[in-house]
Structures are given as C-alpha cells and as structure tokens.
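K.L.:
model the following, please.
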Amino acid sequence: MDIGKWIRSWPVYRQVTGPDALGRGKAAQSARSAGLTPRTASADSVAHSVCPFCAVGCAQKVYVRDGKVVQIEGNPDSPISRGRLCPKGSASKQLVTGPQRQTKVRYRAPYATEWQELDLDTAMDMVADRVLDARRRGWQERDGDGNRLRRTMGIASLGGATLDNEENYLIKKLFTAMGAVQIENQARI
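P.N.:
As a prediction, the model looks like this:
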C-alpha cells in the first residue's frame, strides 16, 4: 500500500491541508460517500400521500421507480409536519416493500374442508365482486308507496374500537356511498 496515498485519503490530512479547515465538508467525506447518490434522484415519479400510522396526518412524498416504491420522505410543503416524520412514518416504506408483507391469503371455499392459498390480487377481486353482488341483490330503489329509497339492505358495517376517527370516517363515507344504511361501530353500541 502506498503510504502517501493513504495519508492523503485520511480526513485529518485533508482538513489541515485543504480549504475545509473545520472538517464540515469535503474533508470529512470518504471516497465511498462522495460517490453515493440519493435514492430519490433515480425516481420516475413522486406521489403525494399521508402517513397511515396515526391521526396527525403527516404528509409524505412517495418516490417511485419502475412502478416500485424506492423512498418515502416527509413533504416539506405540509403545514402539519413541515417535512418531518416520526420513526414510524419514516419506516412506512416497509408497509409496501418489506419482505414480511403478506402477498397470499388463506381461503376456504364454501363447503370445502381444506384451505387453499390465493394471491392478494385474486382475493381482493373476490371481495369486490361479492360486495357488488350483495349490493345489487339487496338494492331497493323505491318502497311500496313509490318513495325513492336508493339503498341496499345486502351490506352492513360494524367497525371496531381500534379504528381511529379517520378510518371510521372513511368507512362511513364508503358504505354510505354504496347505499348501505346499517353502519355501526362497536364503540358506540
């Protein structure tokens, strides 16, 4: 190993001999870190979102490359969080990219005795089809006197006490938009 090259690569040497006497810039930077680029630089697009963890509503920028999330950061334009995220919000990328994320569900068909594995997209399509079918079959356009009802009696919702206000608000809006009238929450019963 060339001792001169090693000494020149030493941060203290660069600090003493270069223009960065306080060692706050290039003098303290290693060759490896000088070659790094931010994950956000390679993103194709940026989607704006809100952190899913609590009711504060911190805004996030979701950086996407080739249809995959590469980084999630706080949005500095947010009047709520001003670009900051708590540790949970900073780790929210794991919700969509983590290896522990479930991509398969267990499904047991009616009258079946065995469970089978389905991919998440197939299961979500099955749920959507069943919700739409129940809505259609239970739909009431008018009552016996001809009064307009525009509701379905085929769908109901019972929320849990672990849901926060925002989740309950969205569930209420979704089920009301679908025409459901039986919308309740366990915490209120």
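K.L.:
excluding chain neighbours, what is closest to residue 50?
P.N.:
Spatially, and ignoring its direct neighbours in sequence, residue 50 is nearest to residue 57 (5.5 Å; C-beta to C-beta, 6 or more residues apart in numbering). All C-beta atoms are positioned from the backbone trio N, CA, C, and that covers glycine.
K.L.:
the one you found: neighbour count?
P.N.:
For residue 57, the tally of surrounding residues (other C-beta atoms under 10 Å) stands at 11.
K.L.:
correct me, but it touches residue 75?
P.N.:
No: with contacts defined as C-beta atoms under 8 Å, residue 57 does not count as touching residue 75, sitting 11.1 Å away.
K.L.:
what touches both of the two?
P.N.:
residue 81 (C-beta atoms under 8 Å, 6 or more residues apart in numbering).
K.L.:
next secondary structure after the longest helix along the chain?
P.N.:
Longest helix of the chain, by residue count under DSSP state H: helix 120-137. Scanning forward in sequence from helix 120-137 by DSSP states H and E, the next helix or strand is strand 139-142.
K.L.:
parallel or antiparallel, which strands does that following strand pair with?
P.N.:
Partners of strand 139-142 in the sheet, by DSSP bridges, are strand 148-159 (antiparallel).
K.L.:
what segments of this protein are strands?
P.N.:
Under the criterion DSSP state E, strands of the chain are mapped to 45-50, 59-65, 68-74, 104-107, 116-119, 139-142, 148-159, 180-185.
K.L.:
same list (those) but as TSV, adding mean neighbour count.
P.N.:
Compiled in TSV, the strands of the chain are given as follows (neighbours: other C-beta atoms under 10 Å):
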stretch	mean neighbour count
strand 45-50	13
strand 59-65	19
strand 68-74	18
strand 104-107	12
strand 116-119	12
strand 139-142	12
strand 148-159	15
strand 180-185	15
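K.L.:
wait, which of these is closest to residue 131?
P.N.:
Among the strands of the chain, strand 148-159 comes nearest to residue 131, with 6.7 Å by C-beta to C-beta.
K.L.:
need the contact partners of the closest one.
P.N.:
With C-beta under 8 Å, 6+ apart as the contact definition, strand 148-159 has outside contacts at 131, 134-143, 167-168, 171, 175, 178-187.
K.L.:
before we move on, the earlier item: out of the strands of the chain, which is closest to residue 17?
P.N.:
Closest approach to residue 17 among the strands of the chain (C-beta to C-beta): strand 68-74, 36.3 Å.
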